[in-house]
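> this one's structure only:
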């Protein structure tokens, strides 16, 4: 049975995940370090609150998700860990992290981290662009496609 795990920290597409999951009949686990307001009374949706601390939510997701599951995160190191376990990983913009791309994704992330650390007074990379409606649409399409792909497998 497929489960969608949502790295809830600053995830802008939780409502979209709920809609698609309900349509496809899959469970959703929203993982956070503290209590979040999620819809109540739905058997297929639950909030998993983990201990406070750096990467505790990431650790829980990486240890729990596996083949046939979907992970929603913008965190590249978490994505790499989940890809390794066989989970299908999507960013909130609908981009799939795959075994073929994750090495380059990690290298880019690490390079940008190093550049920012080397020049703390300069703005390197400009940060992520604002989340837009087209990102939401791309995410909805990608999540629907991912769940269809998993059903066929």
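Here it is on my side, so go on. All of these numbers come straight from a predicted model, not from anything done at the bench.

> show me what counts as buried in stretch 45-53.
By 16 or more other Cβ atoms under 10 Å, the buried positions in stretch 45-53 come out as 45, 47, 49, 50. In this view, the C-beta of every residue, glycine as well, is placed from N, C-alpha and C.

> contacts for it next, please.
18, 21, 27-36, 38-39, 56-57, 59-60 (Cβ atoms under 8 Å, 6 or more residues apart in numbering).

> tell me how far the ends of it are from each other?
End-to-end span of stretch 45-53 (Cα to Cα, to the nearest Å): 24 Å.

> what's the distance between that stretch and the middle of its chain?
From the chain centre to the centre of stretch 45-53 is a distance of 15 Å (Cα atoms, centre = their mean, to the nearest Å).

> adjust the sequence numbering to begin at 31 for everything that follows.
OK, 31 is where the count begins now, so the last one is stretch 75-83.

> where in this structure is pLDDT low?
133-134, 137-146, 150, 152-158 (pLDDT under 70).

> and the longest helix for it?
Longest helix in the chain, counting residues (DSSP state H): helix 163-182.

> helices and strands around that helix, which ones?
helix 44-54, strand 100-102, strand 118-120 (3 or more Cβ pairs under 8 Å, 6 or more residues apart in numbering; DSSP states H and E).

> the residue of the chain positioned farthest from its centre and residue 84, how far apart?
Going by Cα atoms, centre = their mean, the residue of the chain most distant from its centre is residue 151, 30.1 Å out. As defined by Cβ to Cβ, to the nearest Å, residue 151 lies at a distance of 25 Å from residue 84.

> now residue 175
Per Cβ to Cβ, residue 175 is found 33 Å from residue 84.

> next: residue 124.
27 Å.

> where do the strands sit along the protein?
33-37, 57-62, 75-79, 100-102, 118-120, 126-127 (DSSP state E).
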